[in-house]
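# Predicted model follows, preceded by the sequence.
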Amino acid sequence: MPDHPVPYITQWSAEQAPHLRVVAKGRGIGYADERPYDRDSGGVLWTRVPSLPGKGRPEFGRVHALRQQRAMRELLCQVCGCPADRDSDGVLWLMGEDPRDPGFWATDLSTTHPPLCMPCAATSVRTCPHLRERYVPLRARAFELAGVRGAFYRPGYPQPVATEVTEVAFGDPRIHWLRAGQLIMRLSEFTVTSLESRAA
């Protein structure tokens, strides 16, 4: 086992998605043996994956679709699964961008990474190789679920063909051709913050 926490949203080796036949269905795609829980309340098709956290080996870099979705919807820490840190300035998020890049500040920010609690954010910047190089802690006051990231399909014979992994906004008709794996959150009002402990 690793010497640091396995993030709540990390997929484990026992949580392999079964091979499912994707078929043309309605205005897009579906599963040949589709079940009611394969789609969310908005009708988006999701990757069907078992939930067996702690079974097998953690597959760092791979995200468990259902836990990521839950963390985004309920604002749970992506590392420990408890409520994310929130104060009068907003909810805590860590962005892995370079703040010196002018494009970082040009528009609303979108991310597939759920928020964090303060202790897990501090641990993450020490243990994650990507975040050790650069990160921006933000407090977001206004945010909304904006779309999904996943495998995009095009019509094909005898069944639709996966062409790329991409992001599609809610309201875009192409979303019916996407098998979602992660929710996207748009942060529209935010301020840069610090990961230092706040005074009591």
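On my side now, so go ahead.

# Can you list the strands that the biggest strand by length in the chain pairs with?
Of all the elements of type strand in the chain, the one with the most residues (DSSP state E) is strand 136-154. Strand 136-154 sits in its sheet next to strand 90-95 (antiparallel), strand 161-169 (antiparallel), strand 178-192 (antiparallel), going by DSSP bridges.

# Name the residues of it that come out as buried.
Of all the residues in strand 136-154, those buried under the rule 16 or more other Cβ atoms under 10 Å are 136-140, 143, 146-153. C-beta coordinates here come from the backbone N, C-alpha and C atoms, glycine included.

# list the buried ones in the lowest-mean-pLDDT helix or strand in the chain?
Ranked by mean pLDDT, DSSP states H and E, the weakest helix or strand in the chain is helix 129-133, scoring a mean of 72. Within helix 129-133, the residues scored as buried using 16+ other Cβ under 10 Å are Leu131.

# Report the distance from it to the chain centre.
18 Å (Cα atoms, centre = their mean, to the nearest Å).

# neighbouring contacts of stretch 127-146?
4, 72-73, 87, 89-99, 104, 109-110, 115, 121, 124-126, 169-170, 183-195 (Cβ atoms under 8 Å, 6 or more residues apart in numbering).

# who touches the closest residue to Arg179 other than its chain neighbours in this structure?
With Cβ to Cβ, 6 or more residues apart in numbering as the criterion, Arg179 has its nearest non-adjacent residue at 4.6 Å, and that residue is Ala151. Contact analysis of Ala151 by Cβ under 8 Å, 6+ apart lists Thr47, Ala162, Glu164, Val165, Leu178, Arg179, Gly181.
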